[in-house]
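**Q** Here is a sequence together with a model predicted from it:
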Amino acid sequence: MSSTVHEHCTSRERTELALEHVEADRVPLDLGSGPTTGIHVSSLYRLRQALGLDAPGTPVKVIEPFQMLGEVAPDLIDALGVDVVGVGLPKNFFGFANEAWKPWTTFDGTPVLVPGRFSTDTSADPRGGLFMYPQGDPLVPPSARMPRRGFYFDAIKRQQPIDDEHLNVEDNLEEFGPVTAGELAYIKREVARLQPAGKAILGNFGGTGFGDVALVPGMNLKHPKGIRDIEEWYVSLSLRPGYIYEVFDRQCDIGLQNLARIHEEIGDAITAVFVTGTDFGGQLGPLISPRTYRNLFMPFHARVNDWIHSHTRWKTFIHSCGSIWRLLDDIVAAGFDALNPVQTSAAGMDPSALKQKYGDRITFWGGGVDTQSVLPFGTPADVRDMVRDRMRIFGRGGGFVFNTVHNVQAGVPVENLLALYEAVNDFRGYPLG
Amino acid sequence: MAVLDELREAVIDGQAKLAVAKATQGLEQGIPAEVLLQDGLIAAMREVGRLFEEGEIYVPEMLVAARAMKATVAVLKPRLIEHSVQSSGTVAIGTVQGDLHDIGKNLVAMMLEGSGFEVVDLGTDVPPERFIDAIRAGADVVGMSALLTTTMTSMKDVVDAITAAGLRDQVRVIVGGAPITAKYAAQIGADGYAPDASKAVRKVRELLAV
């Protein structure tokens, strides 16, 4: 650990120091840089109103429609002291671009702006929910549904009959193709736009998320083939591992070629890259065995991380919900630099134990406050206490980027949101109290 | 009996075709369907539950074993009905209103069926009225699943609706799902909570005293 006291860092410097396990001037803060460090539009709207950033009724933009995450705009970034922003691809999980914004009101009454191809027709669902269509095409079956009174979408099962005698890996590779010239130009433009503000940048380029069940249903595909039902996918890890391995192998080739082309365009302008969002843990334990992780996933994680570390200065970021302490030895060995969301409410994910065992080898990008009970159902004092504790535990010696455990959900009392970010700013300075 | 052991092993290993073959073989050998259910399937289910609780098998292996169980139950059911073998009880199970997550609920449903219960799967996004209808249609137990902190509140709505309909005394209510705790279950007036599919079956047995 460096003994230099770092004062007055830029956001990027602050984040880079944290990722190098060095204490900067303060703990860096992320809100909104990626699909697992954001905030639901409902909570975002209330926060912006409470901070006096908008006139009442000013809509917030839905920049990630699958989870209904809102845009963390520059004024909010400044107000909260956020250090990280994100750059991604032009199309979202549903395969259409975030453009041609139009007004809508969510089921809980939040005024929003949604992309032009976001369907707002609730009459299509007999139960009053909202369907979303792949690539915004209402002439094909919907690929996702938000129940009436729901807050976000779930994929709809679109599983063709499976013929185990004639499985074809191409069927599960349709969504993985070479990055296009248009996408490269977009990424380059976005990076150029974001760079002057001096923030750290998280790259969300896709392609290397092996077996992410948020993506397996292929919500951006009009007529997906292959194994697309989530339950069938889990069954396949046990019954069809050869098929899965082959899909991952081909996917890895494509993913690395794309990262190489992206790196040619933007170099080391980004700080870290979101490599994988596959959830390996549930509330009580891993969803898959350590052996399955080691045999099916780890080889590809290691390949991607090795390539990134050999060819770029990017840090590698893994998202995995749940109780994964039993997999962490291997996850760290696979070469990940940052772990998100650090679900401390899951079994065995004790902050002190995690920091003690892995704190010198992986940066905890999350874990700042529990989002299953404390943030939504606790008091503002509970939130404040937890933030202070987490800063002290995770922030020691750097290696901590403050974020809530996963996206801030809908339904969080605004007093708790205000208490959260007030506490972050009160307790983030080094040396920690 | 060799075929019973083989049936049990086939279910534990998740080999659905082999399990069905062994169950069929057992019936042909004259082994009563009830014996195949108790000593083959239910014994297998208990072992699968133990392996899962002890962290030796995980979700994929559980699902695969549960599917083998489900396939075998389909073979045994006509014979069980033919011989008027009573089910241990009827469980109506569903994911609550506003929530579409079902893998956990499906696991519980399959394991209950494999344990000799009649299961009515109400699906997902189930409003309170449908749970009430299921009770009126004869369910002894109502099982509710929720994955989200934002939808778990619907569970209380269901319990309240059951009480308002005057049906609370004739049904047992169990709840489960990632954000659910025993404390929450007690708070909303449920009769029981289970953290996983294996314990859910035990809880249902306990509540129905079977």
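**A** That came through, no problem.
**Q** Let me see the ranges of the helices in the chain.
**A** If you meant another chain, say so; for now it's chain A. A:11-19, A:41-50, A:74-80, A:181-194, A:230-239, A:241-266, A:290-292, A:298-311, A:328-333, A:351-358, A:374-377, A:380-395, A:414-427 (DSSP state H).
**Q** that answer is for a different chain, and I need it for chain B
**A** Using DSSP H, helices in chain B cover B:2-12, B:16-28, B:33-35, B:43-53, B:59-82, B:103-114, B:128-136, B:153-164, B:182-187, B:197-208.
**Q** Highest mean neighbour count out of those helices?
**A** Each of the helices of chain B was scored by mean neighbour count; the highest is helix B:103-114, a mean of 25, by mean count of other CB atoms under 10 Å in any protein chain shown. C-beta coordinates here come from the backbone N, C-alpha and C atoms, glycine included.
**Q** rewinding a little: can the helices of chain A go into CSV with extra columns for mean neighbour count?
**A** Formatted as CSV, these follow (neighbours: other CB atoms under 10 Å in any protein chain shown):
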stretch, mean neighbour count
helix A:11-19, 23
helix A:41-50, 23
helix A:74-80, 16
helix A:181-194, 15
helix A:230-239, 21
helix A:241-266, 18
helix A:290-292, 16
helix A:298-311, 18
helix A:328-333, 17
helix A:351-358, 16
helix A:374-377, 20
helix A:380-395, 20
helix A:414-427, 19
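**Q** do you know which of these lies nearest B:Y58?
**A** Of all the helices of chain A, helix A:290-292 sits nearest to B:Y58, with 7.3 Å by CB to CB.
**Q** residues in contact with that closest one?
**A** The contact list for helix A:290-292 (CB atoms under 8 Å, 6 or more residues apart in numbering or on different chains) reads A:L237, A:S238, A:P241, A:R326, A:L327, A:D330, B:Y58, B:P60.
**Q** which among these gets closest to B:R168?
**A** For the contacts of helix A:290-292, the nearest to B:R168 is B:Y58 (36.7 Å; CB to CB).
**Q** Go ahead and confirm the closest one touches A:S289.
**A** Yes: in this structure, B:Y58 is within contact of A:S289 by CB atoms under 8 Å, at 4.8 Å.
**Q** Relative to A:V112, how far out is the most far-flung residue of chain B relative to its centre?
**A** Residue farthest from the centre of chain B, counting by CA atoms, centre = their mean, is B:Q29 at 28.7 Å. B:Q29 is 65 Å from A:V112, where distance means CB to CB, to the nearest Å.
**Q** which bits of chain B sit near chain A?
**A** Residues of chain B lying close to chain A by CB under 8 Å from any CB of the partner chain are B:14, B:55, B:57-61, B:63-64, B:67, B:97-103, B:106, B:125, B:149-151, B:178-179, B:195-196.
**Q** dump the residue contacts of the most centrally placed residue in chain B.
**A** Among the residues of chain B, the one closest to the centroid is B:L112, at 2.5 Å (CA atoms, centre = their mean). Contacts for B:L112 (CB under 8 Å, 6+ apart) come out as B:V91, B:I93, B:V119, B:A200, B:V201, B:V204.
**Q** one more time with 7 Å, if that's ok
**A** Residues in contact with B:L112 (CB atoms under 7 Å, 6 or more residues apart in numbering or on different chains) are B:V91, B:V119, B:V201, B:V204.
**Q** cool, and A:E175?
**A** A:G218, A:N220, A:L221.
**Q** Name the nearest residue to the first one, ignoring sequence neighbours.
**A** In space, and not counting its chain neighbours, A:G218 is closest to A:P224: 3.8 Å by CB to CB, 6 or more residues apart in numbering or on different chains.
**Q** Would you confirm that the one you found contacts A:R158?
**A** Yes: taking CB atoms under 7 Å as the definition, A:P224 is a contact partner of A:R158 at 5.8 Å.
**Q** end-to-end on stretch B:155-173?
**A** 10 Å (CA to CA, to the nearest Å).
**Q** Repeat that for stretch A:15-29.
**A** 8 Å.
**Q** and for that stretch, what are the contacting residues?
**A** With CB under 7 Å, 6+ apart, stretch A:15-29 has contacts from A:1-2, A:6-9, A:11, A:13-14, A:80-84, A:200, A:271-272, A:315, A:337-338, A:360, A:363, A:391, A:395, A:397-402, A:424, A:428-430.
**Q** Selection in PyMOL covering whichever of those are buried, please.
**A** A single PyMOL command selects the buried members of these (16 or more other CB atoms under 10 Å in any protein chain shown):
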select buried, chain A and resi 6+9+11+13+14+80+81+82+83+84+200+271+272+315+337+338+363+391+395+397+398+399+400+401+402+424+428+430
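**Q** hang on, the earlier thing: among the contacts of A:E175, which one sits closest to chain B?
**A** Nearest to chain B, judged by CB to the nearest CB, of the contacts of A:E175 is A:G218 at 17.0 Å.
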